[in-house]
Structures are given as C-alpha cells and as structure tokens.
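**Student:** next comes the sequence, and after it the predicted model I'd like to discuss.
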Amino acid sequence: MKLKVITSNPGKVAEYARSFSELGIEMEHLRLPYDEIQTSDLSEVVSKGMDEIVSKGVRDFIVDDSGLFIDSLGGFPGVWSAYAQKTIGNRGILKLMDGAGNRGAEFRCCIGCDIAGERIIVTGICKGSITDSERGSEGFGFDPIFTHDGERTFAEIPIEEKNRISHRGNAIRLLTEELKKKGLAERSADP
Ligand code: IMP
C-alpha cells in the first residue's frame with residue numbers, strides 16, 4: 001500500500017514517514033495546493049480539501065489540517081494557525097499571552113485519508129501549555145513555545161518522543177486503528 005502525503009510542510013513529512021514505515025505503508029510526498037475554506041472546524045477544512053483533490057483525479061492520499069488552540073485567547077490561533085505563524089510568529093503569540101494567568105493550550109490535528117476508495121477522517125489532540133519564552137531547535141512552527149509536560153518544549157524533544165505524544169501521533173494512531181479495522185494495514189503504529 002502506498003499513500004501520498006499532500007502537504008507543503010517538510011516537518012510533517014518527516015513525522016509521517018517515520019510512522020508509516022512502521023506500518024508497512026509506503027509514503028510519497030506530493031505538493032498539490034488546495035483551497036482551505038474559512039471555518040472554525042478543522043474536519044470541515046479537511047473534508048472540503050479532499051473533495052477538491054479527488055476532483056483533480058488524485059486517490060490514495062492523506063491531508064491534514066492542524067492548529068494550536070490557546071484557552072485564554074478563546075481558541076486563537078486555531079484554524080488560523082498557519083496565518084498567525086507567518087505574520088506574528090511565536091514572539092507575537094508570547095506577546096498576546098503577556099500576563100495571562102491561564103497558559104493552557106492544545107494542539108489538534110485532523111487527518112483525512114482517501115484509501116481504496118474509502119474516506120476516513122480522524123482528529124488527534126495533545127494538551128499542554130504555552131511557555132514564557134521560545135526554547136529549543138527541533139521541530140517546526142509553534143514547537144518552541146508549546147510544552148506537554150510543563151518542562152520541555154516540543155522543540156526540545158526528539159521526533160520519536162514527539163510522535164509518541166503529539167496531536168499528529170495521536171491522529172495517526174486513530175487512523176491506524178481504522179485502517180486495521182478495514183483490513184488496510186497489518187501492523188500497529190507506534191508513532
Ligand atoms: P497546517 O496544518 O499546515 O495548516 O498548520 C497550521 C499551523 O500550525 C502551521 O503554522 C504549523 O506551523 C502549525 N503546526 C501544525 N502542527 C504543528 C506541530 O506539530 N508543531 C508546531 N506547529 C505546528
């Protein structure tokens with residue numbers, strides 16, 4: 001079984017590559033731009049994106065949409081995470097959080113998988129908090145300001161450890177369970 005991972009983000013490709021190799025699923029990276037509709041629901045963004053990709057004749061692929069949802073900012077940046085990352089960046093987020101008592105946040109990752117003519121959509125979550133400053137050089141995006149254990153940021157842990165607890169790792173595990181139920185994957189994932 002071979003799946004195309006459709007994304008422009010090399011950080012995500014590295015995380016998927018490791019997880020899928022453990023499942024015995026071959027992975028191919030495909031850059032194919034598609035529209036992300038304006039809605040506060042990640043799974044709606046994914047579902048509409050999948051419709052567009054299928055209409056272009058592409059099958060057997062996965063897409064994902066993820067975001068950082070910060071409690072004290074009413075869930076911002078959420079579905080606007082990519083835009084917030086590009087414009088205000090991690091420093092801007094830290095500035096918005098200046099003096100915030102509640103630093104709770106969660107990453108969410110919604111994966112849409114088109115495989116053997118079927119569609120599976122799952123959402124993985126990782127709860128944590130926003131640090132006071134940027135730390136670490138691993139990973140990408142908001143990794144330097146997000147901690148799941150209150151000590152190390154996602155940019156301070158190895159990719160294997162991040163995959164074991166991250167929103168994307170959790171979404172991949174949910175996807176694997178679905179693939180196994182349908183007899184489309186043999187081994188279990190340990191992302
Ligand atoms: P998208 O899913 O590519 O649209 O990602 C939305 C935004 O969230 C991007 O700016 C990413 O950098 C950020 N993001 C998504 N997943 C992660 C992650 O695992 N770590 C850090 N930032 C992430």
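**Tutor:** Cool, got the structure. Numbering: from 1, shown residues only.

**Student:** tell me which element Tyr16 is part of?
**Tutor:** For Tyr16, the host element (DSSP states H and E) is helix 10-23.

**Student:** helices or strands up against that helix?
**Tutor:** For helix 10-23, the packing partners by 3 or more Cβ pairs under 8 Å, 6 or more residues apart in numbering; DSSP states H and E come out as strand 2-6, strand 26-30, helix 159-165, helix 167-181. Where you see a C-beta, it was placed from the backbone N, CA and C, and this is true even at glycine.

**Student:** for Pro77, find the nearest of those.
**Tutor:** helix 167-181 (14.4 Å; Cβ to Cβ).

**Student:** that closest one packs against which elements?
**Tutor:** Short answer (3+ Cβ pairs under 8 Å, 6+ apart): helix 167-181 packs on helix 10-23, strand 61-70, strand 104-115, strand 118-130, helix 159-165.

**Student:** would you turn those into CSV with mean pLDDT, mean neighbour count and distance to Lys86?
**Tutor:** Compiled in CSV, the helices and strands packed on helix 167-181 are given as follows (pLDDT from 0 to 100; neighbours: other Cβ atoms under 10 Å; distance: least, Cβ to Cβ, whole Å):
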stretch, mean pLDDT, mean neighbour count, distance to Lys86
helix 10-23, 78, 17, 14
strand 61-70, 94, 24, 13
strand 104-115, 96, 22, 18
strand 118-130, 97, 18, 18
helix 159-165, 90, 17, 22
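
**Student:** so which of the ones you listed comes closest to the ligand?
**Tutor:** strand 61-70 (3.8 Å; Cβ to the nearest ligand atom).

**Student:** which secondary structure elements does that closest one contact?
**Tutor:** strand 2-6, helix 42-55, helix 81-87, strand 104-115, helix 167-181.

**Student:** how far is the fourth one from where the chain is centred?
**Tutor:** Put simply, strand 104-115 sits 5 Å off its chain's centre (Cα atoms, centre = their mean, to the nearest Å).

**Student:** angle of that strand against strand 118-130?
**Tutor:** Taking axes from the mean of the first three to the mean of the last three Cα atoms, to 10 degrees, one finds strand 104-115 and strand 118-130 inclined to each other by 160 degrees.

**Student:** in its sheet, what does strand 104-115 sit against?
**Tutor:** strand 61-70 (antiparallel), strand 118-130 (antiparallel) (DSSP bridges).

**Student:** redo these as CSV? Include distance to the ligand.
**Tutor:** Shown next, in CSV, are these (distance: least, Cβ to the nearest ligand atom, whole Å):
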stretch, distance to the ligand
strand 61-70, 4
strand 118-130, 8
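
**Student:** ok, which of those strands comes nearest Gly78?
**Tutor:** Of the strands paired with strand 104-115, nearest to Gly78 by Cβ to Cβ is strand 61-70, at 4.9 Å.
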